[in-house]
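**Student:** Fold the following.
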Amino acid sequence: MSLKYSNTTADYLNWNEAMNLIHKLTKDGEHNASLLIAIGCFWGLRISDILALRWNQILEVEEFTIIEKKTGKNRTIRINQQLKRHIVDCYKQINPMGINSPILVSQKGTVYSVQRINVILKELKSKYKLSVKNFSCHSLRKTFGRQVYNNNSENAELALVKLMELFNHSSISITKRYLGLKQEELLQTYDSLTF
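**Tutor:** Numbering: from 1, shown residues only. The predicted structure follows:
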């Protein structure tokens, strides 16, 4: 938790570390957490949209459309095959009340709150010794963004345009700032000098 009236920025998780975390959580029987990390990293949704998802929207479908809570805009998500298998495995292990149930339900039978998700993520950071500095639910969205950007580094501008559209940002400069690229690009100037 951050101090009251303080401003903290979520950091992204290294992609390989995120994928390892998903596998470790599954191995440890932490299927809710594994599903949360996987969906957050693969889809880049805000936590409010993840918490609103129901099993019938994501189970055994190729793609689905949501209306984002924050923007009110439609967003269509395509589910890649590896994630689809993971969702099915989590569904079987979690064994929810029904196909219309929310995907992330606590032991009390209620949908997790954003605050509780942040507490869980901080516990995971400590337990699994994650290298991310400020780990919160927004870190998952940023992890998605950084991976899309890194996977398309040969055409970085196109990657930024795609992310701008997916994140519903009004400009590429906002997307760059969101991903922390401006500061990183400035610091790389020092690395480009040779002796």
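**Student:** name the helices or strands packed onto the helix or strand that contains residue 41?
**Tutor:** Assigned by DSSP states H and E, residue 41 belongs to helix 31-43. If you count contacts as 3 or more Cβ pairs under 8 Å, 6 or more residues apart in numbering; DSSP states H and E, helix 31-43 packs onto helix 15-27, helix 47-51, helix 81-94, helix 114-127, helix 137-151. Backbone N, C-alpha and C define where each C-beta goes, glycine included.
**Student:** Contacts for the next helix-or-strand element following the second one next, please.
**Tutor:** Using DSSP H and E, the helix or strand that follows helix 47-51 towards the C-terminus is helix 55-58. With Cβ atoms under 8 Å, 6 or more residues apart in numbering as the contact definition, helix 55-58 has outside contacts at 39, 64, 66, 79, 87, 91, 96, 98-103.
**Student:** Also stretch 84-99?
**Tutor:** Contacts of stretch 84-99 (Cβ under 8 Å, 6+ apart): 22, 26, 29, 31-32, 34-35, 38-39, 54-56, 58-60, 79, 103, 105.
**Student:** Return a ChimeraX selection command for the buried portion of the residues you listed.
**Tutor:** Selection of buried members from the contacts of stretch 84-99 for ChimeraX, criterion 16 or more other Cβ atoms under 10 Å:
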select :22,26,31,32,34,35,38,39,55,58,59,79,103,105
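**Student:** Now for the nearest residue in space to residue 181 that is not next to it in sequence: which residues touch it?
**Tutor:** Leaving out its chain neighbours, the residue that sits closest to residue 181 by Cβ to Cβ, 6 or more residues apart in numbering is residue 149, at 7.5 Å. By Cβ under 8 Å, 6+ apart, the contact list for residue 149 reads 156, 159-160, 163, 179, 181.
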